[in-house]
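Q: need a 3D model of the sequence below.
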Amino acid sequence: STYTWIAANNANTTGESLTTQSTATLSNVITNTTTSVQTVIYTVTPTSTAASCAGISQTVSVTVNPTPVMTSANTATICSGNTVSIPLTSNVPSTFTWIAADNLNTTGESTTTQTSGTLSDAITNNTASAQSVIYTVTPTSSGGLCAGSAQTVTVTVNPTPAMTSASSATVCSGGTVSIPLTSNVASTFTWIATNNPNTTGESVTTQTTSTISNTLTSSTGNSEVVIYTVTPTSTGGACPGTAQTVSVTVSPTPVVTVTPTSQSLCSGSTTSIALSSQVGGTTFSWTVTQSGVTGASASSGDTIAQTLTATGSSAGTAVYTITPSVGTCVGSPATATVTINPAPSLTVTPSSQNICSGNATAITFTSNVVGTTFAWTVSQTGVSGAANGSGSGITQTLTATGTSPGTAAYTVTPTAGACAGADVVVTVT
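A: Reported below is the predicted structural model:
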């Protein structure tokens, strides 16, 4: 027989032959333009070749199942170490296979075929730049097992920042810690301090600057530690990195105690000024400015012990400026003022006398120091009338007690304030 065949038009399909065909094979490429099963009806009529007798027509039904088309997302962005999760969907009920192309800069992507209905991988980016993992997803319809066109899914894996800035610092109490924050990728930062009850100045609320900057003061005489927690977040992808702990040691700043803060000494005396601090291990150094004084010099130690001499007839001063330090921490300087009073020198006029018995001495005293007072003691031999006393001169009536001359030896001491000068002996015969 020979055959003719023709399709009845189905408005939901294309490709079926709507004009009579005479081939011995019913052959059409048919497309279902919907998401439901469609049927195309053909009528086939045979005709015998011997007598050209037409046979009974046959109805042929061709079921055209829809081919699935992916409808789920074809892109996603995650942070390194996180899990991409894309529920897979298509326009008709389907199963799915999916597989990733290997990216040498990432780990965790599935490079063998998976059959789950969700594309799910925990992916780690091993670099400091964004990486792309490419997946191929193929749907197969549940009804008819028709394979749809593969979909390419691109997953961007942004790097997670890692802190690269300093994790420790040391400042002196009252100083400002300043740590510029950096990470291996461009990032913003948040930071906060854990409260230390022995320090003040640390930020105990979250800060967003790119530098840890606090003026820290220790309230004790010991080193204190302030702990900061710094969290980076990448500017590309907003990926939070692992928090970094930053330890800042706050070394105490010493305060010098000067005992006494002032002294008044006589010329030729030695200072005795003790230096101490609330911080163990403090060392002290000093400079000095002297006026009308010699013997003072810059030095260091726990005690200022220097022999100072007045250079004139009036009081001079030595002002010591003492600076305490512990390690690199230097405290505020303090001063000690030493006043050096001159020791008076005595001039006796005359330096000796010869008088007749029953006459009075006439001895006067002067000194180089204004306000000097004079006192004397006396030792007399063969004489009466001499006595200890004080004043600006000696006027005493002396009488010989024998037939030979006697003597009265006066020892005179000059005193200015608390400073006594050298004794002078005056002999009256």
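Q: local confidence estimate at the residue of the chain positioned farthest from its centre?
A: Of all residues in the chain, residue 51 sits farthest from the chain's C-alpha centroid, using Cα atoms, centre = their mean; the distance is 107.2 Å. Here, the pLDDT recorded for residue 51 equals 85.
Q: swap in residue 275?
A: Residue 275 is given a pLDDT of 98.
Q: ok, it - contacts?
A: Listed by Cβ atoms under 8 Å, 6 or more residues apart in numbering, the contact partners of residue 275 are 256-259, 284, 301-304, 322, 324. C-beta coordinates here come from the backbone N, C-alpha and C atoms, glycine included.
Q: next one: residue 388
A: 375-378.
Q: list just the nearest of the contacts of residue 275 to residue 27.
A: Nearest to residue 27 among the contacts of residue 275, counting by Cβ to Cβ, is residue 324 at 105.1 Å.
Q: list the neighbouring strands of whichever helix or strand the closest one is part of plus their orientation.
A: Using DSSP states H and E, residue 324 falls within strand 316-326. The partner list of strand 316-326 in its sheet, established with DSSP bridges, is strand 283-291 (antiparallel), strand 329-330 (antiparallel), strand 334-341 (antiparallel).
Q: for the longest one, list every residue counted as buried.
A: To tie it back to what came earlier, the one meant is strand 283-291. Residues of strand 283-291 classed as buried by neighbour count (16 or more other Cβ atoms under 10 Å): 284-286, 288, 290.
Q: possible to save the strands paired with strand 316-326 as CSV with mean pLDDT and distance to residue 97?
A: Listed next are those as CSV, based on pLDDT from 0 to 100; distance: least, Cβ to Cβ, whole Å:
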stretch, mean pLDDT, distance to residue 97
strand 283-291, 98, 78
strand 329-330, 96, 69
strand 334-341, 97, 83
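Q: list just the one of these that sits closest to residue 38.
A: strand 329-330 (88.4 Å).
Q: please spell out the ChimeraX selection for the buried subset of the contacts of residue 275.
A: Per 16+ other Cβ under 10 Å, the buried members of those correspond to this ChimeraX selection:
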select :256,258,284,304,322,324
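Q: which ones among the contacts of residue 275 map onto strands?
A: 256-259, 284, 303-304, 322, 324 (DSSP state E).
Q: closest to residue 107 out of the residues you listed?
A: residue 324 (57.7 Å).
Q: show me what that closest one bridges to in the sheet.
A: Here residue 324, judged by DSSP bridges, has bridge partners residue 284.
Q: ok, it - contacts?
A: 254-256, 275, 277, 279, 282-284, 330-331.
Q: gap between the residue nearest to residue 383 when sequence neighbours are not counted and residue 104?
A: Excluding its sequence neighbours, the residue lying closest to residue 383 (Cβ to Cβ, 6 or more residues apart in numbering) is residue 406, at 3.7 Å. Distance, residue 406 to residue 104, using Cβ to Cβ, to the nearest Å: 125 Å.
Q: same check on residue 404?
A: Where residue 104 is concerned, residue 404 sits at a distance of 130 Å (Cβ to Cβ).
Q: dump the contacts of residue 275 into TSV; add distance to residue 161 as well.
A: Formatted as TSV, the contacts of residue 275 follow (distance: Cβ to Cβ, whole Å):
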residue	distance to residue 161
256	46
257	49
258	53
259	56
284	48
301	52
302	52
303	56
304	56
322	50
324	43
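Q: list just the nearest of the contacts of residue 275 to residue 133.
A: residue 324 (62.7 Å).
Q: tell me the pLDDT at that closest one?
A: At residue 324, pLDDT is 97.
Q: thinking again about what came up before, more neighbours: residue 406 and residue 104, which one.
A: A side-by-side neighbour count of residue 406 and residue 104, using other Cβ atoms under 10 Å, places residue 406 first with 18 against 8.
Q: I figured the more buried one hits residue 379, correct?
A: No. Taking contacts as Cβ atoms under 8 Å, residue 406 lies outside contact range of residue 379: 11.3 Å.
Q: need phi/psi at the nearest residue to residue 72 once chain neighbours are set aside.
A: Counting by Cβ to Cβ, 6+ apart, residue 72 lies nearest to residue 89, which is 4.4 Å off, once chain neighbours are set aside. The phi/psi pair for residue 89 (degrees, to the nearest 10) reads phi -140, psi 160.
Q: any idea how far residue 89 is from residue 227?
A: For residue 89 relative to residue 227 (Cβ to Cβ), the value is 49 Å.
Q: about what we covered before: list buried residues within the contacts of residue 388.
A: The buried subset of the contacts of residue 388 (16+ other Cβ under 10 Å) comprises 376, 378.
Q: in strands, which of the contacts of residue 388 fall?
A: Reading strands off the contacts of residue 388 with DSSP E, I get 375-378.
Q: now distance to residue 242 and pLDDT too, for those residues, in CSV please.
A: CSV is the format used below for the ones in strands among the contacts of residue 388 (distance: Cβ to Cβ, whole Å; pLDDT from 0 to 100):
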residue, distance to residue 242, pLDDT
375, 87, 97
376, 91, 98
377, 91, 97
378, 96, 97
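Q: wait, residue 351 touches residue 412, no?
A: No. At 10.6 Å, residue 351 does not count as touching residue 412 under the criterion of Cβ under 8 Å.
Q: what residues sit buried inside the strand holding residue 324?
A: In strand 316-326, counting by 16+ other Cβ under 10 Å, buried: 316-320, 322-326.
Q: stretch 158-174 too?
A: Neighbour-count burial for stretch 158-174 [16+ other Cβ under 10 Å]: 158-161, 163, 165, 169-174.
Q: also stretch 359-379?
A: Under 16+ other Cβ under 10 Å, the buried positions of stretch 359-379 are 361, 363, 365, 367-369, 372, 374, 376, 378.
Q: how about stretch 101-119?
A: For stretch 101-119, burial by neighbour count (16+ other Cβ under 10 Å) applies to 103, 106, 108-110, 114, 119.
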